[in-house]
Each structure stands twice: as C-alpha cells, then as structure tokens.
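Colleague: for reference, the sequence and a predicted model appear below.
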Amino acid sequence: MIDWTGGKTMLEKVNRMNELYDTYQELLTSKQKVYFELYYQDDLSLSEIAEQFEVSRNAVFDNIKRTGKLLEDYEDKLQLLNKREAREKIIDQMMLHTSDEQLVKWMNELQSLD
C-alpha cells in the first residue's frame, strides 16, 4: 500500500479512503474508479494493476495518489462524510435517550437514508 498515512495507521487510512470513495465515487472517472477499487478494495499491488492495464507502476501510483487527494479535496469543500458521521452520532444518542417507538422508527429511517 502507498504510505501517505499522515500519522494515521494504514488501516485507518484505508478505511478513510473507502468511506470517501463511497461518498464521492460518482464524481470520479471510470479509470479512477477502477484503479482505486483494485488497489483499496481488491488489495492488488501497484505492479499487479500496472500489469493488468499494461501501464507503468508509476502511472498507477500517480493515478491512485491523485484520486485520493481529489477525494480529500471534495470532502474539504463539501463535508458530506463529516456531516453524515455527525448525523449518525446525534441519532445514536437520541435513540439511547428515547422510549417513544414512533420516534425510534423515524430515527431508524433517517439512518437508512445514508
């Protein structure tokens, strides 16, 4: 895996990248999606991806690195992931402190929208 962890463990970085990808994947090109999925979700090495697409390992590295930066830039500007996580925390706290069945049902419906 590419080491651009910035102080996070590799698992934390991979989880973050996958969450960002789930949130913003529709804004990526098909090539960005394929390389990203092969690297982060299918756990292929840069060399394996390069061989599969008959490109250099460096081309794959650059594409994945740019895609990760792009996903972080989208999150910096749009804050969709951050807002979703904040909503989930609030709903979890509300569910802990309510016994109203209809209210719990609505909170579950809200959670399922994400």
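Modeller: It's in. It should be emphasised that the depicted structure is a prediction, and the values quoted were computed from it without experimental measurement. Residues are numbered from 1 along each chain as shown.
Colleague: for Glu72, grab phi and psi.
Modeller: phi -60, psi -40 (degrees, to the nearest 10).
Colleague: contacting residues around it?
Modeller: Residues near Glu72 by C-beta atoms under 8 Å, 6 or more residues apart in numbering: Leu20. Using the backbone N, CA and C atoms, a C-beta is placed for each residue, glycine as well.
Colleague: roughly how far does it sit from Ala50?
Modeller: Separation of Glu72 from Ala50 (C-beta to C-beta, to the nearest Å): 24 Å.
Colleague: same question, Asp62
Modeller: 11 Å.
Colleague: of the two, who's got more company?
Modeller: Ala50 (18 against 12; other C-beta atoms under 10 Å).
Colleague: what's the average pLDDT for the helix or strand hosting that one?
Modeller: Applying DSSP states H and E as the criterion places Ala50 in helix 46-53. Mean pLDDT, helix 46-53: 98.
Colleague: contact partners of it?
Modeller: Everything outside helix 46-53 that qualifies as a contact, by C-beta under 8 Å, 6+ apart, is 2, 35, 38-39, 44, 56-57, 59-61, 64.
Colleague: neighbours of Lys8, how many?
Modeller: 12.
Colleague: does it touch Val14 like I think?
Modeller: No: counting by C-beta atoms under 8 Å, Lys8 does not reach Val14; the two are 9.5 Å apart.
Colleague: once you drop chain neighbours, what's closest to Glu19?
Modeller: Computed as C-beta to C-beta, 6 or more residues apart in numbering, the closest residue to Glu19 that is not its neighbour in sequence is Leu81, at 5.8 Å.
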